[in-house]
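1. Generate a structure from the sequence data that follows.
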Amino acid sequence: MNLARFRELFESLTGNTPFSWQTELGRRLLNVDIPTGCNLPTGTGKTSVMSVWLICLGLG
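-> Here you go, the predicted model:
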């Protein structure tokens, strides 16, 4: 996966720079390594999982 392209698309879609866990999730989704859960504290951008998924759907 081109991480620079992922970050560019994430920023374009959300208006924010992706956290490292969001970039890692994108890498995993593109490698069909689907996690079974997302255990992160409040305020770390869990809602953006849908944005990560949408970007990966377009890149995949």
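
2. most centrally placed residue in this protein?
-> Nearest to the geometric centre of the chain sits residue 52, at 3.2 Å (C-alpha atoms, centre = their mean).

3. That residue: what's it in contact with?
-> Contact analysis of residue 52 by C-beta atoms under 8 Å, 6 or more residues apart in numbering lists 10, 18, 22, 25-26, 29. The way it works is simple: take the backbone N, C-alpha and C, and place the C-beta from them, glycine included.

4. does it sit in a helix or strand, and which one?
-> Taking DSSP states H and E as the definition, one finds residue 52 inside helix 49-59.

5. The residue nearest to the centre of the chain and residue 18: what is the separation?
-> Counting by C-beta to C-beta, to the nearest Å, the gap between residue 52 and residue 18 amounts to 8 Å.

6. joint contacts of those two?
-> 10, 26.
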